[in-house]
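# Here is my input; please provide its structure:
(2 chains)
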Amino acid sequence: MKAFVPVRETNRTFLVGRLLLPAGAGLLFLLSACGQPERLAYDDEGRKRVEIWVHSGQVGERETIREQVEAFNEGQDAIRVTKTMIPEGDYNARVQAAALSGDLPDLLEFDGPFLYNYVWQGHLMPIDDLLSEEVRRDLLQSILEQGTYDGELYAVGVFDSGLGLYADRRGLEAVGARVPSGVDDAWSVEEFEAILAELFEASGGDPNLDLKVNYTGEWYCYAFSPILQSAGADLIDRETYATAEGVLNGPDAVRAMTHLQSWFQYGYVHPNIDDAAFVGREAVLSWSGHWDYDRYANALGEDLLVLPLPDFGEGSRTGQGSWTWGITRHAHHPEAAMRFLEFLLEPGEVLRMTEANGAVPARRAAIEQSGGFAEDGPLRLFVEQLETSAVPRPRTPAYPVITSVFESGFQDIRDGAEVKEVLDRMVRVIDQDIEDNRGYPRR
Amino acid sequence: MKRISRSGSFDGLFFAAPAILGLFLFVAVPFGIAIVLSFTNLRMGSPLETRFVGWEQYLRVLGDEAFRRALFNNAVFALVVVPVQTALALGLALLLNRQLRGRVIFRTLFFMPVVFPMALVAVVWKLLLAPGSEGLVNGLLESLTLGAWTPRDFLRDPWLALPSIMVMSIWQGVGFQMVIMLAGRQGVPEQLYEAASVEGAGPWRQFLHVTLPQMKNTIFFVVVVTTILAFRLFDQVDILTKGGPRLATTTVMYETVRTTFAEARVARAAAMTVIFFLIVVVLAFLQRKLLREEREVS
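Have a look, this model is predicted:
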């Protein structure tokens, strides 16, 4: 410390900047120092250490990434990758806490739409110069779009997502429902609701629709904001990213969310506590993503249908974007982290992962080799959707607040709250956050 | 205090030093920081500079429906759980103090839930409370009432969600209080009961005039501990209901954690904890005052 020097700052900034924050940081450092040793750049044998954080997804995904890490470590001598699995329910909270205490890993997997916030907070480094041109050219456009903010590429995923409506052919045939053949002839919401009513009657009043209400976290915004977009509404004004007023609480949004609420009120929605509603053939329809394909296909075999989400007026819409990999500013060896990432992006490895989780491969080379996504493949719909009807989640640092407020708003609507009131409250929270952050100025 | 200083305050301070240091570092300092932070607009991870915003956070928190509901829920929870759990623990302790066949087994059974982590217990209860007749509790009620009970979705019913959490919390926590009560009961000299029965007092009068007065300090201890635990209510809510349906089960702890970690609004959360702290301090003060007076009477 220097000797006492008169400070020019106002007392307030002085107090916060010079006293309080270091005191707080010091305390946090003390706390974190008690728990674990500092991250090492090299392991005992002199290999570069690359720590990665992975979301703990479905069993197949977990197994695959474990095998991939092993294969990579065995395949070369210079780099040692160690992985930590983080539950996906409150993944962002863990990242925020780790960022605060300086514990972020070198290579971080995270859900795509959080990218803009992480970049804004300064956690990620641009990877334009690290990623080879050959890989970049082969990536799906949606992957590059999701990973780019302010003109720089920060993250790439191994796969993109597919969101749709899984259906049990037997159940639909029992009520004589029409089976849509693609995005263009998706059920209209009225048709969808008529089918729900018939299914409900046919089952003697048992719920038939699985909306994965057993999930927590990102699911709600990912899976149900497409109904807003299909109705002509959205989460936020995408021209300015300055307000949600009139967009998230306009008449179209109210109409879409009122439809959704009615499904709960009529008793159509299966609580799905054990996540077995569809494989147990209690639910006939399951609003879910690519990650369930394998499990569903095993349980239903030929009876499994993959359909587009219902059309709320402006055409069927669906979600896109998925887990993606970015290199943090804490990385000791960014180029080593990229070597592992490029290993994951080798077409064979991409396929290995997407065969485990049913996701759309991020590389065109891999898509062509995969059976499921080829022309007439059972998962062709997901590729078709990415090309036509998928809407990326808003590219704004305000996204964590948007998704958090959407999740709690969804729960309120599910529990019978007045839709317009809930949406108004959501808009207030989002707009307040944007205002509090002075519109998230770019640097 | 006077007696301590006479017998050498240095020794006392020396031996208390680790605890005092711990309290200072992990309670007093963070709380001091929280007070200052509550007057700023600090958000976790934000690259914008932190500014002082005066009472803004307090005004927002107090104007927030969720926070007010959380305070209300905490109060209801404490008002119901503290007396019920204390009475139940006392009852169980007295029962299990008798010469009962298989006493050890009963004691173990009642104490077992305490050993399980709350997170585990909550997940199990989520399955027990499952809606529809597949849920164990619904199924049980259905067969007990010969089908008159219509299955309810306990955790999403605005009137049943908080009571469900209360029942679960009492079930999980009562064993701990029971053990303390049991120890307290065994500290009561048996001669007092002999004397009472010689003078013709039946079980009820023995309970009123021997057990209760003798166990007063134990009971007060249990009340204080249960009150503190009631205000800390978080795990069950996070796992079972996420504060829903429509704020029916949200608590101050739950709101604070969500504000900090899901929304990164550290300053706002700091203001919430300061308000909560003041309320708890007032309650603790009142409780202490009552306790003191009672002690003086005896």
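
# going forward, measure contacts and count neighbours with C-alpha atoms only.
Will do.

# what domains does the record give for chain A?
A:48-161+A:321-391, A:163-316+A:398-436 (automatic domain parsing).

# Now for residue 90, how many residues are close by?
No chain in the question, so chain A it is. As a burial measure, the neighbour count of A:Asp90 was computed by other C-alpha atoms under 10 Å in any protein chain shown and equals 14.

# oops, chain B please
Using other C-alpha under 10 Å, B:Leu90 has 26 other residues around it.

# hang on, it packs against B:Met181?
Yes: with contact taken as C-alpha atoms under 8 Å, B:Leu90 and B:Met181 are classed as touching, separated by 5.9 Å.

# ok, the closest residue to B:Leu182 other than its chain neighbours - how many residues close by?
Counting by C-alpha to C-alpha, 6 or more residues apart in numbering or on different chains, B:Leu182 lies nearest to B:Ala93, which is 4.8 Å off, once chain neighbours are set aside. By the other C-alpha under 10 Å criterion, the neighbourhood of B:Ala93 contains 23 residues.

# Which parts of the stretch 301-443 of chain A are strands?
Under the criterion DSSP state E, counting those that start in this stretch, the stretch 301-443 of chain A contains strands at A:304-307, A:318-319, A:323-327, A:360-361, A:390-391.

# if we can go back for a sec, now the domains of chain A as JSON lines including mean pLDDT and distance to B:Phe277?
Listed next are those as JSON lines, based on pLDDT from 0 to 100; distance: least, C-alpha to C-alpha, whole Å:
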{"stretch": "domain A:48-161+A:321-391", "mean pLDDT": "91", "distance to B:Phe277": "23"}
{"stretch": "domain A:163-316+A:398-436", "mean pLDDT": "94", "distance to B:Phe277": "26"}
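
# Let me have those domains in a markdown table, extended by distance to chain B.
Rendered in a markdown table, the data for those read as follows (distance: least, C-alpha to the nearest C-alpha, whole Å):
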| stretch | distance to chain B |
| --- | --- |
| domain A:48-161+A:321-391 | 5 |
| domain A:163-316+A:398-436 | 5 |
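
# Same list (the ones you listed) but as TSV, adding distance to B:Tyr254.
Converted to TSV, the domains of chain A look like this (distance: least, C-alpha to C-alpha, whole Å):
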stretch	distance to B:Tyr254
domain A:48-161+A:321-391	14
domain A:163-316+A:398-436	13
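
# Which among those is found nearest to B:Thr226?
Distances from B:Thr226 to each of these were compared using C-alpha to C-alpha; the shortest belongs to domain A:48-161+A:321-391, at 29.3 Å.

# and the end-to-end length of the closest one?
39 Å (C-alpha to C-alpha, to the nearest Å).

# and that domain, how far from the chain's centre?
Shown here is domain A:48-161+A:321-391, whose average C-alpha point lies 12 Å from the average C-alpha point of the whole chain (C-alpha atoms, centre = their mean, to the nearest Å).

# Identify the residue spatially nearest to B:Pro245, adjacent ones excluded.
Leaving aside its sequence neighbours, B:Pro245 is closest to B:Arg156 (5.3 Å, by C-alpha to C-alpha, 6+ apart).

# Look up how far B:Phe67 lies from the nearest residue to A:Gln229 once chain neighbours are set aside.
Counting by C-alpha to C-alpha, 6+ apart, A:Gln229 lies nearest to A:Arg317, which is 6.6 Å off, once chain neighbours are set aside. Taking C-alpha to C-alpha as the measure, A:Arg317 falls 36 Å from B:Phe67.

# how many other residues sit next to the residue nearest to A:Tyr268 when sequence neighbours are not counted?
In space, and not counting its chain neighbours, A:Tyr268 is closest to A:Pro207: 4.4 Å by C-alpha to C-alpha, 6+ apart. A:Pro207 has 25 neighbouring residues, counting by other C-alpha under 10 Å.

# same question, B:Ala270
In terms of burial, B:Ala270 registers 26 neighbours under the definition other C-alpha under 10 Å.

# Repeat that for A:Glu375.
The local packing of A:Glu375 (other C-alpha under 10 Å) involves 13 other residues.

# Just the element for B:Ala230, please.
Under the criterion of DSSP states H and E, B:Ala230 resides in helix B:216-231.

# ok, now B:Gly173?
In this assignment (DSSP H and E), B:Gly173 forms part of helix B:161-186.

# list the buried ones in that helix?
Applying a neighbour-count criterion of 16 or more other C-alpha atoms under 10 Å in any protein chain shown, the buried positions in helix B:161-186 are B:161-166, B:168-182, B:184-185.

# Ok, stretch A:426-433 next?
Residues of stretch A:426-433 classed as buried under the neighbour-count rule (16+ other C-alpha under 10 Å) are A:Met426, A:Val427, A:Val429, A:Ile430, A:Asp431, A:Asp433.

# OK, contacts around the third one?
Applying C-alpha atoms under 8 Å, 6 or more residues apart in numbering or on different chains, one finds that A:Val429 lies in contact with A:Val405.

# about what we covered before: I'd assumed B:Val179 was in contact with the residue nearest to B:Leu182.
Yes: A contact is recorded between B:Ala93 and B:Val179 when judged using C-alpha under 8 Å, the distance being 7.0 Å.

# Give me the common contacts of those two.
In the contact map built from C-alpha under 8 Å, 6+ apart, no residue is linked to both B:Ala93 and B:Val179.

# coming back round to it: the residue nearest to B:Pro245: neighbour count?
Residues within reach of B:Arg156, counting by other C-alpha under 10 Å, total 21.

# pLDDT score assigned to it?
At B:Arg156, the pLDDT value in this model is 87.
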